[in-house]
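[1] got a sequence here, can you model it:
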Amino acid sequence: MDAVHPIQATAVGMDPNRLKQAFGNRVAFCGGVDIQHLLPTGTPREVRAKVRELREIFPTGLIISPSQGVFLDDVPPENIKAMLEEGELFY
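    Alright, predicted model coming up:
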């Protein structure tokens, strides 16, 4: 499997729409849920909205995860739960 890991949500050149346009369905993607700002300071509703947005951009070939692949200790558990639950709705 060819995959881009991770989609760093705030990094230059990592805009999900641009990645989808450039690579189409040729590769899978992992990440995209911002670990620097959204997960630590956002609300569960905002986290869920981001997951839905990513799933719309990548209806197939997306592994939902934090943008750097790990949860840091500043992420509230309710945001982790929101990300996982929203991601699970698509499978």
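[2] any idea of the pLDDT on the closest residue to Leu72 other than its chain neighbours?
    In space, not counting the residues next to it along the chain, Leu72 is nearest to Ile35; the distance is 6.5 Å by CB to CB, 6 or more residues apart in numbering. For glycine as for every other residue, the C-beta is placed from the backbone atoms N, C-alpha and C. Here, the pLDDT recorded for Ile35 equals 92.
[3] phi, psi for Ile35 please.
    As for Ile35, its main-chain torsions (degrees, to the nearest 10) stand at phi -90, psi -10.
[4] what's the answer for Leu54, then?
    Note on Leu54: backbone dihedrals following degrees, to the nearest 10 are phi -60, psi -40.
[5] which strands or helices does the strand or helix carrying Arg52 pack on?
    In this structure, Arg52 sits in helix 44-57 according to DSSP states H and E. For helix 44-57, the contact count by 3 or more CB pairs under 8 Å, 6 or more residues apart in numbering; DSSP states H and E identifies helix 16-23, helix 38-41, helix 77-88 as packing neighbours.
[6] most packed of the ones you listed?
    Using mean count of other CB atoms under 10 Å, the stretch among the helices and strands packed on helix 44-57 with the greatest mean number of neighbours is helix 38-41 (a mean of 18).
[7] quick revisit: contacts only, for the residue nearest to Leu72.
    Counting by CB atoms under 8 Å, 6 or more residues apart in numbering, Ile35 makes contact with 9, 66-68, 70-72, 75.
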